[in-house]
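Q: sequence plus predicted model, see below.
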Amino acid sequence: MACGPASRKGEPIQPAHPGRAAPGTGRDDGEVTEAAHPHRNRVTPFSDIVAIDLRGAWLGNRGILHRGTDIVRHHTGIAWIVCTLDFRGRRVRQWSPGHYTPLFFHDEAVALAAGHRPCAECRRPAFRAFVGALGPGPDQAPPRAPELDRLLHAQRWQPRTGRRVHNLPWAALPDGTFVVHDDGPALIIGDAVVGWSTHGYRRPEPRPTTGTARVLTPPASVTVLAAGYPVQIDAAARQLVGQPETRSSTDGSNSSTER
């Protein structure tokens, strides 16, 4: 999948966060009955699609998820991508019939935690950096987009229960990884764990040095981060832990927001 239309068939809405109904629905049987305000088009680290005011630095694509102005499915297909907000002047209107549903991420770390990967069209350098950091496949060549999508989908999603969470050692987690901490999503930056909410990043806490973390970011993406992929992290999170804002993405983006 690239920056364009996708199939209408897809996975019904179900709780991506284990034990929680899909936000805004109060149920998990696959239909949304009322349109949300603001629009329900932001993605959380749990991969839920929610209606919040938090601005987006990146565009997401999981296919056609809407009917009218309602989100009626969680995803279509297995290609979940992260796109730039503007590419060659192409702009897809929200809720456009027959076109993919534009989604938005607070930063690239949230997008990777939700299970997305860089688009191979509008973010070609980032895609190449991502697959290069992942390492060669069985044929000793970098994985192609369909192979990467199959790997990520197996690591992020279970058809009957929704979102997967992985148990990994705290000490092995690189910056940019999202974990479940105090029952909510939190970002690893250096020696800190920075909580994330629908209002943005909040007060950091010391990062545990021993034991096992419940990790949201798929293991393949954790491998990419550990290999040095320069994930874009919102400036507010870096400021909370005393790091300077940097242009960290391979395609030169920082914390720009949707227009």
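A: Okay, I see it. This is a predicted model, so every value here is computed, not measured.
Q: so what's the residue count around the closest residue in space to T212 that isn't next to it in sequence?
A: Counting by C-beta to C-beta, 6 or more residues apart in numbering, T212 lies nearest to N167, which is 4.9 Å off, once chain neighbours are set aside. All C-beta atoms are positioned from the backbone trio N, CA, C, and that covers glycine. Using other C-beta atoms under 10 Å, N167 has 9 other residues around it.
Q: wait, is R238 part of a helix?
A: Yes: counting by DSSP: H, G, I helix; E, B strand; the rest coil, one finds R238 located in a helix.
Q: ok, how many other residues are close to the spatially closest residue to it that is not a sequence neighbour?
A: Leaving out its chain neighbours, the residue that sits closest to R238 by C-beta to C-beta, 6+ apart is E245, at 5.8 Å. A count of nearby residues for E245, using other C-beta under 10 Å, gives 14.
Q: please apply the same query to V50.
A: So V50, with other C-beta under 10 Å, has 18 neighbours.
Q: looks like it contacts T44 (just checking).
A: Yes: between V50 and T44 there is a contact under C-beta atoms under 8 Å: 5.9 Å.
Q: and A57, how far is that from T212?
A: 31 Å (C-beta to C-beta, to the nearest Å).
Q: give the full set of residues in contact with V92.
A: Residues near V92 by C-beta atoms under 8 Å, 6 or more residues apart in numbering: H99, Y100, P102.
Q: buried among these? Make that a PyMOL selection.
A: In PyMOL syntax, the buried subset of the contacts of V92 is picked out as below (16 or more other C-beta atoms under 10 Å):
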select buried, resi 99+100+102
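Q: which ones among the contacts of V92 are found in helices?
A: Among the contacts of V92, no residue falls in helices (DSSP state H).
Q: if we can go back for a sec, quickly list what the residue nearest to T212 is bridged to.
A: R214 (DSSP bridges).
Q: per-residue pLDDT of it, please?
A: pLDDT for N167: 97.
Q: rewinding a little: what about A57 and T212, which has more around it?
A: When neighbours are counted by other C-beta under 10 Å, A57 comes out ahead of the other of A57 and T212, with 25 against 13.
Q: surely P169 and R214 touch.
A: No: P169 is beyond contact range of R214, at 11.7 Å (criterion: C-beta under 8 Å).
Q: now the helices for the protein?
A: 108-113, 124-134, 145-156, 219-226, 235-240.
Q: among the ones you listed, which comes closest to P185?
A: Nearest of those to P185, taken as C-beta to C-beta: helix 108-113 at 6.9 Å.
Q: and the closest one, what does it pack onto?
A: strand 58-61, strand 81-83, strand 178-181, helix 219-226 (3 or more C-beta pairs under 8 Å, 6 or more residues apart in numbering; DSSP states H and E).
Q: mean neighbour count for those - can I get that in JSON lines?
A: Below are those laid out as JSON lines (neighbours: other C-beta atoms under 10 Å):
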{"stretch": "strand 58-61", "mean neighbour count": "26"}
{"stretch": "strand 81-83", "mean neighbour count": "27"}
{"stretch": "strand 178-181", "mean neighbour count": "22"}
{"stretch": "helix 219-226", "mean neighbour count": "21"}
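Q: and the ones you listed as JSON lines, adding mean pLDDT and distance to R123?
A: As requested, the helices and strands packed on helix 108-113 are exported to JSON lines (pLDDT from 0 to 100; distance: least, C-beta to C-beta, whole Å):
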{"stretch": "strand 58-61", "mean pLDDT": "95", "distance to R123": "9"}
{"stretch": "strand 81-83", "mean pLDDT": "96", "distance to R123": "7"}
{"stretch": "strand 178-181", "mean pLDDT": "97", "distance to R123": "20"}
{"stretch": "helix 219-226", "mean pLDDT": "97", "distance to R123": "14"}
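Q: mind checking which of those is nearest A237?
A: Using C-beta to C-beta, the nearest of the helices and strands packed on helix 108-113 to A237 is strand 178-181, at 11.1 Å.
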